[in-house]
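Novice: Predicted model and sequence follow; I will ask about them next.
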Amino acid sequence: MPLDAICISAVRKELSGQITGMKIDKVQQPERDVVILSLRGGAEPGRLLISAGSGDMRVHMTEHRFDNPASPPMFCMLLRKHLTGARIVAVNQPPFERVVELVLDAVDAIGIASEKRLVIELIGRLSNIILVDGDGLIIDCLRRTGGEMSDKRSVLPGLIYRAPPPQEGKAAPQGISGDEWRKIFDSAREATADKWMQAAFSALSPLICRELSWRSYGDAAFRMDAITDNGDALRREFFSLMELVATERFEPWTVVGADNTPCDFSYCDIRQYEAAASARREGSFSAMLDAYYTQTAQIARARQRGSAAAKTIKNARDRLVRKLIAQNAELEKAAQRDSLRECGDLITANLHLIKKGQSVFAAEDFYSESGGTREIALDPLKTPQQNAAKYYKAYSKAKTAEKYLAEQIKLAESELEYLESVLGELALAESERDVNEIRGELVSTGYIRERKAQKVKRAESEPLRFESTAGLRITVGRNNIQNDKLTLKTAARSDVWLHAQKIHGAHVIISCDGKEPDERSLHEAAALAVYYSSARSGGKTPVDHTLVKHVKKPPGGRPGMVIYTDFKTVIASPDEELVERLRV
């Protein structure tokens, strides 16, 4: 669920105890809507993530590492200028608003101490990060909105910062009296209890409204016209929740599905899913949000951003499949060319029996072991000699077509394999940079045309790095271009190369300085090869391994395509826990 105002209160309370008094050491902006503040001066250094994305707005401490762009955006440069070295004095939140403010002790351009505020508005499509000076003037913001010709709230440099307007027509839930609650309840018009609470009160998310309905009547969408206790059960659960909020007894809970994938989160135990899902108590709100958003939703977001490229490749693949079907049908037809030559021979042997104008001629079939006759179609406008020549010409054409088609089918099959590998890469992309590099590969191979405005120099990403339990370095390519570079240029000839057998996946290299890797390291690298392949969601998978010197690039091979010899095979399974444990 998006962070509601109460969940933000829980996060703010936790952050206040963690980062108050710490200084901002570095500022990064790895993605358009994400800012990372590296902090020092506390019990241990930390990294505060601030996201103003419309679907993943949040603020929390993070353990995740992001790839930085080749050059920092202008907003990042401005934050570095004003915030580097600033000390966090307080972490505030206006009552029941989805806004967090970092109050900072900083210095101005001439070195004089001054107060600044970094205002983080977590309000859906209007989410923003705004830097405000001690006089309340906006220094700059991530998204500039409004203006003289707009009826929206203006958020522009030089203007006085004004908080987002409160939600109209909704009551603040905390501090409401029993009589006020009853009055709102009696005027309900919505069909279900959860929809009524969501429409009547601010700061309550759909998840919490459904939970209150379930706890009251055993149904997350209980109808208002079915309530027989005058709303007493719903009133009891509502005020129980408000007591939890007033006493700040928040707890981080993640809702996980049957496959152990996070599907929701909250500041209290969620029971409405019953056997369909379970709630898991987390160690902290930051750990909960980091797992839910940064590790899970970031991958989904990267794949969403790669959906346009995936659509282009799928269309190209589908066209190629149709072309291959037609070529194979034509090849099969060409393989039967001998019958054309035989028809020509039969016509030539019976020229004296064929008359011009015949459309069919039944000739004695001396090619058939059982004898009999063969009916041969003729062009009545042609002479017998011309009909024979027509069959010989068709035979010669089919003979040439067979050779040509065999070559074309081989090329098309190689191209199809490449397109499938690119789709596999897009499915496994973990960051926006991964998607951008795959797009760059598609531009270089001619599948996507890059516009002039898009020609931005980007820093190349490094391969994924791991360390086996025995201490051997294991490197995994992120895409086809990187796979080629890793295997054919970077790796030593005596290193060990691994790849999931007969499926699309990453090239994996064990750096072992010419020595044979231990059995455990080999199986750990094989597990990485399966995890970073199209078999990630499967079970046991064969993985081939050989020395790098036995891996070659075939002539004219597409990016990522190699051939190898002298290999052995091990069986491995994808293991996410192992991947995280070995990651460097």
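Specialist: Good, I have the coordinates. Numbering: from 1, shown residues only.
Novice: Just the pLDDT for residue 298.
Specialist: At residue 298, the predicted lDDT confidence score is 62.
Novice: How about the one 3 residues further on?
Specialist: The pLDDT attached to residue 301 in the predicted structure is 64.
Novice: Residue ranges of each domain in this protein, please.
Specialist: 5-141, 178-303, 312-424, 464-582 (automatic domain parsing).
Novice: Pull the distance from the third one to the chain's centre.
Specialist: The gap between where domain 312-424 is centred and where its chain is centred comes out at 47 Å by C-alpha atoms, centre = their mean, to the nearest Å.
Novice: could I get the domains of the chain as TSV with mean neighbour count and distance to residue 439?
Specialist: The way it works is simple: take the backbone N, C-alpha and C, and place the C-beta from them, glycine included. Converted to TSV, these look like this (neighbours: other C-beta atoms under 10 Å; distance: least, C-beta to C-beta, whole Å):
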stretch	mean neighbour count	distance to residue 439
domain 5-141	18	15
domain 178-303	17	12
domain 312-424	15	10
domain 464-582	18	10
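Novice: Would you mind telling me which of those is nearest residue 165?
Specialist: Judged by C-beta to C-beta, the one of the domains of the chain that comes nearest to residue 165 is domain 5-141, at 10.3 Å.
Novice: ok, back up a step: for the domains of the chain, which one sits closest to residue 448?
Specialist: domain 312-424 (6.1 Å).
Novice: Low-confidence regions, the stretch 201-350 of the chain specifically.
Specialist: For the stretch 201-350 of the chain, applying pLDDT under 70 flags the ranges 294-305.
Novice: before we move on, what SS does the residue lying farthest from the centre of the chain have?
Specialist: Taking C-alpha atoms, centre = their mean, the residue of the chain most remote from its mean C-alpha position is residue 352, at 74.3 Å. Look at residue 352: counting by DSSP: H, G, I helix; E, B strand; the rest coil, its state is helix.
Novice: Out of the domains of the chain, which gets nearest to residue 446?
Specialist: Short answer: domain 312-424, nearest of these by C-beta to C-beta, at 10.2 Å.
Novice: Which stretches in the stretch 1-150 of the chain count as helices?
Specialist: 5-19, 74-83 (DSSP state H, counting those that start in this stretch).
Novice: hang on, the earlier thing: nearest to residue 442, out of the domains of the chain?
Specialist: domain 312-424 (6.8 Å).
Novice: circling back to that earlier point, how about the helices of the stretch 1-150 of the chain in CSV, adding distance to residue 325 and mean pLDDT?
Specialist: Below are the helices of the stretch 1-150 of the chain laid out as CSV (distance: least, C-beta to C-beta, whole Å; pLDDT from 0 to 100):
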stretch, distance to residue 325, mean pLDDT
helix 5-19, 53, 94
helix 74-83, 51, 94
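Novice: Is it possible to get TSV of those helices that adds distance to residue 262?
Specialist: Listed next are those as TSV, based on distance: least, C-beta to C-beta, whole Å:
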stretch	distance to residue 262
helix 5-19	15
helix 74-83	29
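Novice: mind checking which of the ones you listed is nearest residue 47?
Specialist: Using C-beta to C-beta, the helices of the stretch 1-150 of the chain put helix 5-19 closest to residue 47, at 10.3 Å.
Novice: Take the domains of the chain and lay them out in JSON lines including distance to residue 436.
Specialist: Listed next are the domains of the chain as JSON lines, based on distance: least, C-beta to C-beta, whole Å:
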{"stretch": "domain 5-141", "distance to residue 436": "9"}
{"stretch": "domain 178-303", "distance to residue 436": "10"}
{"stretch": "domain 312-424", "distance to residue 436": "14"}
{"stretch": "domain 464-582", "distance to residue 436": "10"}
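Novice: And residue 99, how far from residue 368?
Specialist: To residue 368, residue 99 is 90 Å away according to C-beta to C-beta, to the nearest Å.
Novice: now for the helices of the stretch 1-150 of the chain, which one comes closest to residue 30?
Specialist: helix 74-83 (9.2 Å).
Novice: packing partners for that closest one?
Specialist: Secondary-structure packing of helix 74-83 (3 or more C-beta pairs under 8 Å, 6 or more residues apart in numbering; DSSP states H and E): strand 23-31, strand 34-40, strand 99-107, strand 113-121, strand 128-132, strand 138-141.
Novice: would JSON lines of the ones you listed with mean pLDDT and distance to residue 576 be doable?
Specialist: Below are the helices and strands packed on helix 74-83 laid out as JSON lines (pLDDT from 0 to 100; distance: least, C-beta to C-beta, whole Å):
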{"stretch": "strand 23-31", "mean pLDDT": "93", "distance to residue 576": "23"}
{"stretch": "strand 34-40", "mean pLDDT": "95", "distance to residue 576": "23"}
{"stretch": "strand 99-107", "mean pLDDT": "93", "distance to residue 576": "31"}
{"stretch": "strand 113-121", "mean pLDDT": "93", "distance to residue 576": "31"}
{"stretch": "strand 128-132", "mean pLDDT": "96", "distance to residue 576": "32"}
{"stretch": "strand 138-141", "mean pLDDT": "95", "distance to residue 576": "38"}
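Novice: Please identify which of the ones you listed is closest to residue 475.
Specialist: Of all the helices and strands packed on helix 74-83, strand 23-31 sits nearest to residue 475, with 22.0 Å by C-beta to C-beta.
Novice: which residues are in contact with that closest one?
Specialist: 35-41, 45, 66-69, 72-73, 75-76, 79-80, 83-88, 104, 432 (C-beta atoms under 8 Å, 6 or more residues apart in numbering).
Novice: any idea which helix or strand carries residue 399?
Specialist: In the assignment (DSSP states H and E), residue 399 maps to helix 384-428.
Novice: Quick check: next helix or strand after that helix?
Specialist: Toward the C-terminus from helix 384-428 - assigned by DSSP H and E - lies helix 432-444.
Novice: Output the helix or strand just after that following helix in CSV with nothing but the alpha carbons.
Specialist: Beyond helix 432-444 on the C-terminal side, the first helix or strand identified by DSSP H and E is strand 464-467. Output of strand 464-467 as CSV, limited to C-alpha atoms (Å, rounded to 0.1, in the frame of the first residue of the first chain):
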residue,chain,number,x,y,z
LEU,A,464,27.7,-8.2,-10.4
ARG,A,465,30.3,-9.3,-8.0
PHE,A,466,30.1,-12.1,-5.4
GLU,A,467,32.5,-14.0,-3.2
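Novice: And the next helix or strand past strand 464-467?
Specialist: On the C-terminal side of strand 464-467, the closest following helix or strand by DSSP H and E is strand 473-476.
Novice: and for that following strand, what are the contacting residues?
Specialist: In contact with strand 473-476 (C-beta under 8 Å, 6+ apart) are residues 463-468, 486, 490-491, 506-511, 521, 524-525, 528-529, 532, 582.
Novice: May I have that strand as PDB, with CA atoms only?
Specialist: The C-alpha trace of strand 473-476 is given here as PDB (Å, rounded to 0.1, in the frame of the first residue of the first chain):
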ATOM      1  CA  ARG A 473      35.700 -14.000  -6.600                       C
ATOM      2  CA  ILE A 474      32.600 -14.800  -8.800                       C
ATOM      3  CA  THR A 475      31.500 -12.300 -11.500                       C
ATOM      4  CA  VAL A 476      28.200 -12.400 -13.300                       C
END
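Novice: Of the domains of the chain, which is nearest residue 168?
Specialist: Proximity to residue 168, assessed across the domains of the chain by C-beta to C-beta, is greatest for domain 178-303 (9.8 Å).
Novice: Return the distance of that closest one from the chain's centre.
Specialist: Centre to centre, stretch against its chain (C-alpha atoms, centre = their mean), the figure for domain 178-303 is 28 Å.
Novice: For the stretch 451-584 of the chain, which segments count as helices?
Specialist: Secondary structure of the stretch 451-584 of the chain (DSSP H, counting those that start in this stretch): helices located at 480-485, 519-531, 576-582.
Novice: which residues touch the longest one?
Specialist: The contact list for helix 519-531, computed with C-beta under 8 Å, 6+ apart, reads 466, 468-470, 472, 474, 476, 496, 498-500, 505-506, 508, 510, 512, 517, 536, 538, 541, 543, 545, 570-576, 578-579, 582.
Novice: Recalculate using a threshold of 6 Å.
Specialist: Contact partners of helix 519-531, identified using C-beta atoms under 6 Å, 6 or more residues apart in numbering, comprise 468-470, 472, 474, 476, 498-500, 508, 510, 541, 543, 570, 572, 574-575, 578-579.
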